[in-house]
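>>> got a sequence here, can you build the structure:
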Amino acid sequence: MGENQVGQNETRVQEFILLTFPGSLYLKTSIFTLFLLMYILAISGNLAIIILVLTNGRLHTVIYYLLCNLSFLEIWYTTTTIPKTLPILLGRSQSISFTGCLLQMYFSYSFGCIEYFLLALMAYDQYLAICHPLCYNTIMDISLSGKLAASSWLCGFLILSVPAYLIARLSFCGPNVINHFLCSVDSWIVLSCTETHAVEVSIFVIAVIVIFSSFSITLLSYISIISTILRIPSSKSLQKAFSTCSSHFAFVVIWYGSTRIFLFVKPSKSRSLETTKTVNILNIIVTPVLNPFIYALRNKEVREASRSSLRWK
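Here you go, the predicted model:
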């Protein structure tokens, strides 16, 4: 079951088996509880950020419009994987169709690329607001930021269409067991019985382009921001400038951790899926949970807007 005949001595896999995590039922139940709790926190926290920004007039600015995009992205990023993983941890069917696996991989990697682009766009917005405050409103407005955000989403989906197409053309003759809780590029490369060099090269090139371009924009923006902040004589203005960008900077540091780059840059048959499993937990579950907490706890405007909304209720 799960395979179709291709030739006399060859079968083609039509579905895969996700092993998720090895161990006892108690361990899997504990992981299920942790994943479910973090999924609820990720969805509710990011949804709260979106509602707060949309309903509070003081937050109707470009940076919070971009934050809404980021929170909306985080909701879908974690939703691509966790709803499928949770039933498996409880002993339900471990199978996932070829098409379902391909779509899960495509959307999770696309959302990862979009997040890089959005963080770079937010860094550029912070750069304009702090380094060029007098001409900020003539350069950046909701209309322009909307077009840039839409471009980030479009580029993220388009750029992953190439490896998705290449993966769809691979042959999988068996086994069909994925030692992971999701369908990653590594999974396809390990299980394929045909040449995967084109897939590996395409993912590597895309990762380098996405990471290098977004990181360069983010780094140059923050070099200019820090340089400008250090020249501010007034302690009050200094504090305001730091408060403006500290939340985004904290999130950028988490996102651009070494584990993220290790995960994205070089998929190959030689890499252990056990190693990438832990890293995927960080980017698909932990990061979406941290996003609303970082902005709620470190951003003064968000805290004040939250308090005023609570008082109004």
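>>> from here on, just use CA atoms for contacts and neighbour counts.
Noted.
>>> which residue ranges of the protein form strands?
Secondary structure of the chain by DSSP state E: the strands cover 3-7, 10-13, 15-18, 95-97, 177-178.
>>> and those strands, which one is worst for confidence?
Mean pLDDT is lowest for strand 3-7 out of the strands of the chain, coming in at a mean of 47.
>>> what's the neighbour count on Ile229?
18 (other Cα atoms under 10 Å).
>>> for Ala207, that is, sorry about that
Other residues lying near Ala207 total 20 when counted by other Cα under 10 Å.
>>> Leu134 now?
Leu134: 11 neighbours (other Cα under 10 Å).
>>> what's the spacing between it and Leu230?
18 Å (Cα to Cα, to the nearest Å).
>>> could you check how far Glu195 is from Tyr165?
Per Cα to Cα, Glu195 is found 14 Å from Tyr165.
>>> and what of Ser224?
40 Å.
>>> got it, and Ser213?
24 Å.
>>> quick check: end-to-end length of stretch 160-173?
Separation of the first and last residues of stretch 160-173 by Cα to Cα is 24 Å.
>>> what of stretch 129-148?
Start-to-end, stretch 129-148 (Cα to Cα) is 16 Å.
>>> what's the answer for stretch 18-32, then?
End to end - Cα to Cα - stretch 18-32 spans 15 Å.
>>> what comes into contact with that stretch?
85-86, 88-90, 94-96, 177-182 (Cα atoms under 8 Å, 6 or more residues apart in numbering).
>>> dump the residue contacts of the most centrally placed residue in the chain.
Against the mean C-alpha coordinate of the chain, by Cα atoms, centre = their mean, the closest residue is Gly112 at 3.8 Å. Gly112 is in contact with 77, 156, counting by Cα under 8 Å, 6+ apart.
>>> any idea how far it is from Leu160?
Counting by Cα to Cα, the gap from Gly112 to Leu160 is 10 Å.
>>> which ones are touching Tyr64?
With contacts defined as Cα under 8 Å, 6+ apart, Tyr64 is in contact with Val53.
>>> got phi/psi on Thr61?
For Thr61, the backbone dihedrals are phi -130, psi 170 (criterion: degrees, to the nearest 10).
>>> residues near Pro233, how many?
Pro233, neighbours per other Cα under 10 Å, totals 9.
>>> please tell me how far it sits from Ile225.
Pro233 sits at a distance of 15 Å from Ile225 (criterion: Cα to Cα).
>>> Thr99 too?
Distance of Thr99 to Ile225, given as Cα to Cα: 45 Å.
>>> one more: Cys155?
With distances taken as Cα to Cα, Cys155 is found 27 Å from Ile225.
>>> who has more neighbours out of these two?
Taking neighbours as other Cα under 10 Å, Cys155 and Ile225 compare with Ile225 leading, 23 against 17.
>>> can you tell me the closest non-neighbouring residue to the more buried one?
Distances taken as Cα to Cα, 6 or more residues apart in numbering place Tyr127 nearest to Ile225, at 5.7 Å, with adjacent residues excluded.
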